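Enquirer: Kindly return the folded structure for what I paste below:
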Amino acid sequence: MKRFKKFLFLAMLVAMSFGFNNVVNAEEKFEKPKEVDIVKLKQDIVNQNSNKQIYFTKSDLDARTSFIEEEIHKMYAKGLTEEEITKQAEELGLVELIVPEESANNVPTSDRANVSLGKPSIFYDSLAKQWVVSTSANWLNKGWKGDIPSCCFSTTKAVDVGGADAFGITYYNTSGTYNTAVKSSSFVATSGNGWVKNSGSPSHGNGKLGVAFEFQDQARLLTNCCDNFEFLGNNMSIVMTYDSNFSNFHGYARTFYTHTWDKAGITSINFGASSSSFGVNVVVSNTSYGWTIYNGSDATF
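Expert: Okay, here's the model as predicted:
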């Protein structure tokens, strides 16, 4: 009887060990998803759409580039959803780069409840054989109102809200060959009521590791009522156009936004900073009156 109990005990240990090993192997299997070859994925998009390409003259290609960037800015200004933007982009001949989720780096980040940052979108322009990177941001409420230096104005003249703000896209953990060129870039900030500021020249970055557009956010009265303001910077969008060699470059992209008020201002913006969040380091003077936030997950390109 004792021998039988000893045998039964040993059998249970073996069974438990076998089961445990199976669990460990299963966990390892799910922790190591198959890596996606992003460069090949992009090149496949190019090859699969090669029959759609139109051979533009230089002036026509420049016109096409400007048209696409303007249309994307309009989509963001209208507050379209990602699905709606994708659908309208397809109608324009743009093919969205969609990377399987398991290859993305979805790391929770801090966020300001008043601001919503879009995840960067990457499209291939099948007609012009070039790549388009875009993103957007908008204030969800009038949280900016507390940053206005005075709540009562005698005129509708615009006033600065702290120092300049910055809106941008950062690329990090990049690989592959960067032999591409930024053919065009554009930034638009609006109040949502017709007040618009735009720029075609980033204040920081050359496109290899991202770009940032510094702009002076402002507020002004819409009417004589001292409580009815509009805010230049309520909605923001960026569109960048790269040539076809962007297919050879791979990495992760995030949207970022730096907001300042009172006497704070942006001192510097440096891309490729390995010790900083997502590859960009934004230095703000008087840090109690400024912050930088990122969207919640990567866009893989």
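
Enquirer: hang on, residue 178 is in a helix, isn't it?
Expert: No: judged by DSSP: H, G, I helix; E, B strand; the rest coil, residue 178 forms no part of a helix; its state is coil.

Enquirer: Kindly provide the distance from it to residue 42.
Expert: For residue 178, the distance to residue 42 (Cβ to Cβ, to the nearest Å) stands at 13 Å. Placement of C-beta: from N, CA and C, glycine included.

Enquirer: In terms of neighbours, single out the busier of the two.
Expert: residue 42 (23 against 17; other Cβ atoms under 10 Å).

Enquirer: Hmm, residue 234 and residue 197 touching each other?
Expert: No: look at residue 197 against residue 234 with Cβ atoms under 8 Å: they stay out of range, at 11.4 Å.

Enquirer: Between the two, which contacts overlap?
Expert: Shared contacts of residue 197 and residue 234, defined by Cβ atoms under 8 Å, 6 or more residues apart in numbering, comprise residue 190.

Enquirer: In terms of neighbours, single out the busier of these two.
Expert: Comparing residue 197 with residue 234 by other Cβ under 10 Å, the one with more neighbours is residue 234, at 20 against 17.

Enquirer: check contacts around that one.
Expert: Counted by Cβ under 8 Å, 6+ apart, residue 234 has contacts 138, 139, 144, 190, 191, 192.

Enquirer: And residue 209, by the same measure?
Expert: Here residue 209 is in contact with 170, 171, 172, 174, 271, 272, 279, 280 (criterion: Cβ under 8 Å, 6+ apart).

Enquirer: Next, count neighbours for the residue lying closest to it once chain neighbours are set aside.
Expert: In space, and not counting its chain neighbours, residue 209 is closest to residue 271: 3.9 Å by Cβ to Cβ, 6 or more residues apart in numbering. Look at residue 271: counted by other Cβ under 10 Å, it has 21 neighbours.

Enquirer: before we move on, the earlier item: which of the contacts of residue 234 sits closest to residue 251?
Expert: residue 138 (25.6 Å; Cβ to Cβ).

Enquirer: rewinding a little: tell me which of the contacts of residue 234 has the lowest pLDDT.
Expert: Checking pLDDT across those, the minimum falls on residue 144 at 87.

Enquirer: mind checking the backbone torsions on residue 89?
Expert: When read as degrees, to the nearest 10, the backbone of residue 89 gives phi -60, psi -40.

Enquirer: other SSEs contacting the host helix or strand of residue 174?
Expert: Here residue 174 sits within strand 165-176, counting by DSSP states H and E. Packing partners of strand 165-176 (3 or more Cβ pairs under 8 Å, 6 or more residues apart in numbering; DSSP states H and E): strand 130-139, strand 210-215, strand 235-242, strand 249-260, strand 265-271, strand 280-285.

Enquirer: Nice, that's everything, thank you.
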